[in-house]
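# Give me a 3D structure for the following:
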Amino acid sequence: MTRLAERKSKLLIETSDTVRERGRLREVIIEPLPHYAVIRLKGLRSRFSISYAGIYNAAVKIEVERQRAEKKAKRKAKL
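I've put the predicted structure just below:
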């Protein structure tokens, strides 16, 4: 496996996840770079950068919220 920083060719990942933007469903395109990732929608030029630490922190936050919601549902079911 090659490290991302050592790649010579450009890597683009077209996901199967879609987002409705400007009246159409568009696939999410991810371009991983050595220190961050660039995310855009297929067919559009607007791009958003996010660090890998930011992705990790967002995933942790989502998981914590999901666990809290499960605990809350269990407590409500017991009553």
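
# tell me the SS of the residue positioned nearest the centre of the chain?
The C-alpha lying nearest the average C-alpha coordinate of the chain belongs to Ile55 (CA atoms, centre = their mean; 6.7 Å). The local conformation at Ile55, judged by DSSP: H, G, I helix; E, B strand; the rest coil, is helix.

# Chain neighbours aside, what residue packs nearest to it?
Using CB to CB, 6 or more residues apart in numbering and skipping residues adjacent in sequence, the residue nearest Ile55 is Ala37, 7.0 Å away. The way it works is simple: take the backbone N, C-alpha and C, and place the C-beta from them, glycine included.

# residues in contact with that neighbour?
30-31, 49-52, 55 (CB atoms under 8 Å, 6 or more residues apart in numbering).

# packing partners for the helix or strand in which Lys71 is found?
Element membership for Lys71, per DSSP states H and E: helix 52-78. Under the contact criterion of 3 or more CB pairs under 8 Å, 6 or more residues apart in numbering; DSSP states H and E, helix 52-78 touches strand 36-41.
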